[in-house]
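K.L.:
Kindly return the folded structure for what I paste below:
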Amino acid sequence: MQIYKVGGAVRDRLLGIPVTDIDRVVVGATTEEMLAQGFRPVGADFPVFLHPKTGEEYALARTERKSGRGYGGFTFHASPEVTLEEDLIRRDLTINAMAEDDQQNLTDPYHGQRDLEARILRHVSPAFAEDPLRVLRVARFAARYAGLGFSVAAETLELMRQLSESGELEALTAERSWKEISRALMEDQPQVFIQVLRDCGALKVLMPEVDALFGVPQPEVHHPEIDSGIHTLSVLEQSALHKQPLTVRWACLLHDLGKGLTPEEEWPRHIAHEHKGLKLIKAVNERFKAPKDCQELALLVGQYHTHGHRALELKASTLLELLQSFDVYRRPQRFEEFIIACEMDARGRKGLEQRSYPQADYLRGAASVARGVAVQPLLEKGFKGPELGEALKRERLKALKAYKESAST
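P.N.:
Numbering: from 1, shown residues only. The predicted model follows:
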């Protein structure tokens, strides 16, 4: 029995970056031998075991064969005869197909170290094209390592293109797709993930609503970058630069989908794109079964982001309606994330990345004023039920009018 570290642990050590997850493969062992040493089996699909003391995962070396559609369409074979090289060849990228023993002796049959040095993401074998999930994985790695100068090899991008055209991407489950998408959006350069998906034709299949934004012009006076798709990538880039949570990044990606529906004869204007985009945002949310908080924020940002930009001009009554729509009294964090998404939208424009956004503090102040209206005095005046709600609304409107006047002086 021989045990090796494989995959990301080896890759990241060679790159000189912190190793977070350690995967181990066991060569020359049977399930019975692992159980006899106290390892606990997990997973029904293939033989993976938990170490009796550390709880870390150890997988028996295995081969795989395509047996159906999609990510799950594989049969696995594990036996003591499977070599380390046979196990490594089934992996996606050469930089993930290296192994090392406890003395850090490297096994690198597919030249992963060479590709690490060349900063290339390259597939290990033609079997890469059998697994549609790898399109998303490679795009995610491109986003993770873009800052180190990595790019996708031309021949690997071609295989990704073939996969995108094969219909295999449609076989991916919403859960698997979302797991890759959400991880990719939290990388340092998530805009690279979207760009790589577009480069290989996968964006058109997975998120046609986002793909449709590319080539759609916007007024240059507000958008020096002009192209709606480029703007979306820039907004996403800003959200990562400012270390925003997944909810904000997801909303940034989807906020302008309505612009993809504007008839060409109306370009570069996009009248009511906020409202038109809601059905598209809802469709993308449902397609990937995004978490509820991501879904809600994306819809709210899509509908109200231009309100955010015009905050200083809004009437007090419109401001109150905006605050009510977000339920700022019980859900203050959601409104804060809306403000941040609006600011990322404002900064995601060519040459305007450092612009100030006074609307942010103005909106925070308005929310604070509205929340500060006390209920008790109204209760003491005898208001209750629907009448209390209306009285509270009147008092909040009065407070917002005063706030707006003081802010303008």
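K.L.:
Next secondary structure element downstream of the helix or strand of the chain with the lowest mean pLDDT?
P.N.:
Lowest mean confidence among the helices and strands of the chain (mean pLDDT, DSSP states H and E): strand 74-78, at a mean of 68. Counting by DSSP states H and E, the next helix or strand C-terminal to strand 74-78 is helix 84-89.
K.L.:
List the contacts of that next one.
P.N.:
Outside helix 84-89, the residues that touch it by Cβ atoms under 8 Å, 6 or more residues apart in numbering are 2, 4, 6, 25, 27, 61-63, 97-99, 107, 109-110, 124-125, 127. No exception for glycine: its C-beta is placed from N, CA and C like everyone else's.
K.L.:
same thing with stretch 293-303?
P.N.:
Outside stretch 293-303, the residues that reach it (Cβ under 8 Å, 6+ apart) are 246-248, 250-252, 254-258, 274-275, 277-278, 281-282, 284-285, 290, 325-326, 334, 337-338, 341-342.
K.L.:
contacting residues for V221?
P.N.:
With Cβ under 8 Å, 6+ apart, V221 has no contacts at all.
K.L.:
How many neighbouring residues does A272 have?
P.N.:
A272 has 11 neighbours, counted by other Cβ atoms under 10 Å.
K.L.:
ok, now which ones touch the closest residue to it other than its chain neighbours?
P.N.:
Using Cβ to Cβ, 6 or more residues apart in numbering and skipping the chain neighbours, the partner closest in space to A272 is G258 (7.5 Å). Neighbouring residues of G258 by Cβ under 8 Å, 6+ apart: H270, A272, H273, E274, H275, K276, G277, L278, L280, G302.
K.L.:
any idea how far A143 is from G258?
P.N.:
As judged by Cβ to Cβ, to the nearest Å, G258 and A143 stand 26 Å apart.
K.L.:
Repeat that for P377.
P.N.:
On the measure of Cβ to Cβ, P377 and A143 end up 53 Å apart.
K.L.:
between those two, which one's more packed in?
P.N.:
A143 (26 against 11).
K.L.:
V205 against S164, yeah?
P.N.:
Yes - when contacts are counted by Cβ atoms under 8 Å, V205 is listed as touching S164 (5.6 Å).
K.L.:
Out of the contacts of G258, list just those in helices.
P.N.:
Members of the contacts of G258 lying in helices (criterion: DSSP state H): H273, E274, H275, K276, L278, L280, G302.
K.L.:
who are the neighbours in contact with V138?
P.N.:
Counting by Cβ under 8 Å, 6+ apart, V138 has contacts D92, L93, L121, H123, V152, T156, M160, V196.
K.L.:
how does it look with 7 Å?
P.N.:
D92, L93, L121, V152, T156, M160 (Cβ atoms under 7 Å, 6 or more residues apart in numbering).
K.L.:
need the next SSE after the one helix or strand it maps to, C-terminal direction.
P.N.:
Here V138 sits within helix 133-145, counting by DSSP H and E. As assigned by DSSP H and E, the chain's next helix or strand after helix 133-145 is strand 151-152.
K.L.:
Need the residues that contact that following strand.
P.N.:
R119, I120, L121, V138, A142, V196.
K.L.:
pLDDT weak spots in the stretch 301-409 of the chain?
P.N.:
Within the stretch 301-409 of the chain, no stretch has pLDDT under 70.
K.L.:
can you give me the helices in it?
P.N.:
For the stretch 301-409 of the chain, helices defined by DSSP state H, counting those that start in this stretch occupy the ranges 316-326, 332-347, 359-371, 376-380, 385-408.
K.L.:
for those, which one ends up most surrounded?
P.N.:
helix 332-347 (a mean of 22; mean count of other Cβ atoms under 10 Å).
K.L.:
returning to what we had before: please pick the buried ones from the contacts of helix 84-89.
P.N.:
4, 6, 25, 27, 61-63, 97-99, 107, 109-110, 124, 127 (16 or more other Cβ atoms under 10 Å).
K.L.:
just the residues you listed now: which is nearest E209?
P.N.:
A127 (31.8 Å; Cβ to Cβ).
K.L.:
Just give the nearest non-adjacent residue to the closest one, would you?
P.N.:
For A127, the closest residue by Cβ to Cβ, 6+ apart turns out to be R90, at 6.6 Å.
K.L.:
which ones are touching the one you found?
P.N.:
T63, E64, A127.
K.L.:
F326 too?
P.N.:
So F326 contacts L300, R334, F335, F338 (Cβ under 7 Å, 6+ apart).
K.L.:
So of these, which two are at opposite extremes in space?
P.N.:
Checking the contacts of F326 with Cβ to Cβ, the most distant pair is L300 and F335, at 8.9 Å.
K.L.:
Surely Y58 forms part of a strand?
P.N.:
Yes - assigned with DSSP: H, G, I helix; E, B strand; the rest coil, Y58 falls within a strand.
K.L.:
Contacts only, for it.
P.N.:
So Y58 contacts I3, R24, V26, F39, F49, H51 (Cβ under 7 Å, 6+ apart).
K.L.:
For it, give its distance to Q37.
P.N.:
Counting by Cβ to Cβ, the gap from Y58 to Q37 is 10 Å.
K.L.:
Point out where the stretch 51-200 of the chain drops to low pLDDT.
P.N.:
For the stretch 51-200 of the chain (pLDDT under 70), the answer is 65-76.
K.L.:
can you give me the helices for it?
P.N.:
With DSSP H, counting those that start in this stretch as the criterion, the stretch 51-200 of the chain has helices spanning 84-89, 112-118, 133-145, 154-166, 174-185, 190-199.
K.L.:
possible to save these as CSV with distance to S317?
P.N.:
Listed next are these as CSV, based on distance: least, Cβ to Cβ, whole Å:
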stretch, distance to S317
helix 84-89, 65
helix 112-118, 59
helix 133-145, 43
helix 154-166, 48
helix 174-185, 36
helix 190-199, 37
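K.L.:
Nearest to S228 among these would be which one?
P.N.:
Closest among these, using Cβ to Cβ: helix 190-199, at 13.0 Å.
K.L.:
Give me the angle between the closest one and helix 174-185.
P.N.:
130 degrees (axes from the mean of the first three to the mean of the last three Cα atoms, to 10 degrees).
K.L.:
Show me what helix 190-199 is in contact with.
P.N.:
Against helix 190-199 from outside (Cβ under 7 Å, 6+ apart): 139-140, 142-143, 146, 152, 157, 184, 187, 203, 206, 210-211, 214, 233, 236-237, 240, 249.
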